[in-house]
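A.B. asks: Generate a structure from the sequence data that follows.
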Amino acid sequence: MAGASVYLDTNVFIYAFENNNAVARKLLELFSLNTETKPPFLATSEFTLAELMVDPFRKNDERLVDI
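C.D. replies: Down below sits the predicted model:
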């Protein structure tokens, strides 16, 4: 299945960035592998960034905003 892409919903990123457990660490590792492939095998939409920013801005959580 060469050249296939996997679409990631916002919830995957929220879980990875807001948790500190084995699953979150594996997700972050998976994200970093995506930079080494052409074309990227992980995909998401522009809406993901907007959705990710709602809660950190609402809570004034600068750490999550920076991530």
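A.B. asks: can you pull the contacts of the residue nearest in space to the middle of the chain?
C.D. replies: By C-alpha atoms, centre = their mean, the chain has its centre lying nearest to residue 13, at 3.2 Å. Residues near residue 13 by C-beta atoms under 8 Å, 6 or more residues apart in numbering: 44, 48, 52. Glycine gets a C-beta too; all of them are placed from N, C-alpha and C.
A.B. asks: and with 10 Å instead?
C.D. replies: By C-beta atoms under 10 Å, 6 or more residues apart in numbering, the residues touching residue 13 are 27, 28, 31, 44, 48, 49, 51, 52, 67.
A.B. asks: could you measure the third one against residue 5, distance?
C.D. replies: Distance from residue 31 to residue 5, counting by C-beta to C-beta, to the nearest Å: 14 Å.
A.B. asks: out of the two, which sits in the busier spot?
C.D. replies: Between residue 31 and residue 5, counted using other C-beta atoms under 10 Å, the more crowded position is residue 31 (15 against 12).
A.B. asks: Enumerate every residue touching the residue nearest to residue 7 when sequence neighbours are not counted.
C.D. replies: Nearest residue to residue 7, sequence neighbours excluded (C-beta to C-beta, 6 or more residues apart in numbering): residue 43, at 5.2 Å. Contact analysis of residue 43 by C-beta under 10 Å, 6+ apart lists 5, 6, 7, 8, 34.
A.B. asks: what's the answer for residue 26, then?
C.D. replies: Contacts for residue 26 (C-beta under 10 Å, 6+ apart) come out as residue 16.
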